[in-house]
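Trainee: A structural model of the following input is requested.
(one chain, ligands or ions: 1)
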Amino acid sequence: MTRDRSDKLLDIAKRRGFFWQASAIHGAIAGFYDYAHLGAALKRKWENEWRNYFLSLDDNYYEIAVSQIMPEEVFRASGHLESFTDPIIQCKQCKTIHRADHVISDKLDGHFEGISLEKMNELIKKHKLVCDKCGGDLAEVGILNMMFPLEIGTGKLRRTGYLSPETAQGAYINFKYEFEALRRKLPLGLAIIGKAFRNEISPRNLLIRMREFTQAELQIFFDPDTITEHPDFESVKDYKLRMFPAKNREANRIDDMTCQEVVDRLGIPRFYAYHLAVIQKFYLEHLGLPREKFRYKELHGDEKAFYNKYHWDIELYLPSVGGFTEVAGCHYRTDHDLGGHQKVSGQSMEVNMEGKKFVPHVQELSFGVDRNILALFELALEQEKERVVMRFPRKVSPFDAGLFPLVNKDGLPERTRNIQAALKKAGFQVFYDASGSIGRRYRRIDEVGIACGITVDHQTLEDDTVTLRDRDSMKQIRVKVEELPKVMDDFLNGKGLEHLGVVIK
Ligand SMILES: [Zn+2]
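Mentor: Have a look, this model is predicted:
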């Protein structure tokens with residue numbers, strides 16, 4: 001049962017200090033989670049990896065930071081005011097409001113997201129679907145806008161605003177100014193890591209469907225005439241992508257296809273295919289997640305937003321929330337966004353590139369940060385024979401190292417504190433622990449996925465070396481204290497222990 005698995009996962013997350021429901025002491029509201037000390041560290045590290053990786057793709061990509069409350073006009077231009085809605089249905093008896101498509105999909109086989117209200121009413125009547133809470137009859141299907149409205153200011157100056165339901169709009173409304181400030185070059189990339197808010201009717205699946213969440217998005221503005229090329233395409237043309245096209249759904253088959261084959265056989269432009277490659281490399285090579293847990297899923301025509309010309313979801317295999325689950329998306333949004341803001345604001349979004357005037361198109365790389373954190377958490381968790389271990393990619397482990405004096409005497413604690421101070425100064429997140437046997441201390445850091453353990457022992461006092469133990473293999477090497485920062489850096493970037501020192505037998 002998915003439900004049991006997700007309850008179990010939440011229980012582990014809570015006990016170890018990763019995440020839990022927000023405001024729990026006052027009665028939690030569904031869809032809000034707080035990150036505890038380890039979860040917050042994991043999230044911050046993932047965000048930094050994302051930032052460094054995607055911003056380095058091009059010299060003209062930058063991060064910006066934007067307001068999360070925006071005036072109504074922004075969402076008239078984006079289309080959210082009119083169409084960012086969910087179908088809802090109320091129980092006549094207990095008055096609970098359900099998501100109409102969930103009422104249907106929970107009981108019937110098939111795909112129901114995006115079907116018309118008439119069709120939903122028809123299916124509910126035909127199959128005599130009732131409230132799953134009380135068995136009562138259901139009313140007619142209605143719609144509800146998912147944005148959180150706000151009144152900003154007071155009196156005459158009062159304006160209606162909304163908590164932003166996606167970070168993307170922040171990039172679109174700033175494009176015009178950034179394009180000028182950055183001296184009119186395309187492609188121009190604007191990245192935002194920020195909060196987004198959606199009044200979901202039925203938040204579910206832990207960090208997957210939340211009401212307040214974090215997104216990491218890169219909006220790339222480019223000349224649509226250049227979509228058939230990318231200057232770095234050669235470097236990825238033979239790279240194999242894990243593709244799950246819509247036509248493969250029935251057979252449930254994933255195809256390994258090179259970028260060139262994706263262009264030739266699926267008719268996807270090179271500019272878009274290049275971005276599929278860099279995203280997959282981020283997951284499989286940069287973070288080192290297992291290949292078989294990753295796939296690109298193509299969305300059917302009626303599943304994707306009408307303005308997305310190409311839309312493939314990045315999915316990771318997460319049994320606790322039902323299998324392959326969307327954690328990110330690669331969207332070619334055409335000129336829908338800048339066009340909409342141009343129309344509503346009356347300000348031109350056109351650029352003039354050597355006499356050619358056009359509204360730039362947008363390639364969006366969109367990541368749900370919390371979804372990615374849940375994925376890291378679930379994929380890391382392993383129950384081995386003699387221990388529980390969280391195998392986070394070393395780069396994003398909540399702490400870089402646990403630091404231990406072998407015994408609490410003979411000057412070892414003092415020497416350990418010295419090393420701790422030096423490592424902290426060098427920018428590492430280290431965790432000091434002197435209680436219990438050394439074996440127990442190793443188990444404790446394995447359980448929360450700290451990348452390695454460093455132990456100061458009597459030999460340290462003689463030759464100034466410490467042991468470094470790898471969480472995953474449990475193997476150890478001896479390292480000179482003065483070389484520790486360099487060795488740690490290599491280790492965290494994925495270098496094998498055997499290349500960093502002599503493995504202790
Ligand atoms: Zn009911």
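
Trainee: Now stretch 463-470: average pLDDT?
Mentor: Averaging pLDDT along stretch 463-470 gives 97.

Trainee: contacting residues around that stretch?
Mentor: With contact meaning C-beta atoms under 8 Å, 6 or more residues apart in numbering, stretch 463-470 is reached by 401, 419, 442, 451-457, 459-460, 475-482, 484, 487-488, 491, 497, 500-501, 504. From N, CA and C alone the C-beta is placed, and that goes for glycine too.

Trainee: Over to stretch 242-261?
Mentor: 233, 236-241, 262, 265-266, 273-274, 276-277, 280, 291, 294-300, 315.

Trainee: So which of the residues you listed belong to helices?
Mentor: Taking DSSP state H, the ones among the contacts of stretch 242-261 that sit in helices are 262, 265-266, 273-274, 276-277, 280.

Trainee: which residue is nearest the centroid of the chain?
Mentor: residue 369 (2.9 Å; C-alpha atoms, centre = their mean).

Trainee: is it true that that residue touches residue 44?
Mentor: No. Here residue 369 does not reach residue 44: they are 10.2 Å apart, not a contact under C-beta atoms under 8 Å.

Trainee: For the stretch 201-350 of the chain, which residue gets nearest to the ion?
Mentor: residue 202 (13.7 Å; C-beta to the ion).

Trainee: Run through the residues that contact the residue lying closest to that residue once chain neighbours are set aside.
Mentor: In space, residue 202 comes closest to residue 99 once its chain neighbours are excluded; the distance is 5.0 Å by C-beta to C-beta, 6 or more residues apart in numbering. Shown in contact with residue 99 (C-beta under 8 Å, 6+ apart): 86-89, 201-202.

Trainee: One more: residue 448?
Mentor: Residue 448 neighbours (C-beta under 8 Å, 6+ apart): 16-17, 38, 390, 398-399.

Trainee: try it again with 7 Å
Mentor: 16, 38, 390, 398 (C-beta atoms under 7 Å, 6 or more residues apart in numbering).

Trainee: Just those residues: which are in helices?
Mentor: Short answer: the contacts of residue 448 in helices (DSSP H) are 16, 38.

Trainee: Return the member of the contacts of residue 448 nearest to the ion.
Mentor: Using C-beta to the ion, the contacts of residue 448 come closest to the ion at residue 16, 36.8 Å.

Trainee: What number of neighbouring residues does that closest one come out with?
Mentor: 20 (other C-beta atoms under 10 Å).

Trainee: One more: residue 475?
Mentor: 14.

Trainee: so it touches residue 503, yeah?
Mentor: Yes. The pair residue 475 / residue 503 is scored as a contact, 5.3 Å apart, by C-beta atoms under 7 Å.

Trainee: overlap in contacts of those two?
Mentor: Shared contacts of residue 475 and residue 503 (C-beta under 7 Å, 6+ apart): residue 497.

Trainee: re earlier: any of the contacts of stretch 463-470 buried? List them.
Mentor: 401, 419, 442, 451-457, 460, 476-479, 481, 484, 487-488, 491, 497, 500-501 (16 or more other C-beta atoms under 10 Å).

Trainee: In helices, which of those appear?
Mentor: Going by DSSP H, the helices hold 419, 442, 460, 484, 487-488, 491 from the buried ones among the contacts of stretch 463-470.

Trainee: Which residues does residue 218 form beta bridges with?
Mentor: Beta bridges link residue 218 to residue 191, residue 365, judged by DSSP bridges.

Trainee: returning to what we had before: for the residue nearest to the centre of the chain, grab phi and psi.
Mentor: phi -60, psi -50 (degrees, to the nearest 10).

Trainee: how about the nearest residue to residue 237 once chain neighbours are set aside, secondary structure?
Mentor: Excluding its sequence neighbours, the residue lying closest to residue 237 (C-beta to C-beta, 6+ apart) is residue 260, at 4.5 Å. Under DSSP: H, G, I helix; E, B strand; the rest coil, the three-state class of residue 260 is helix.
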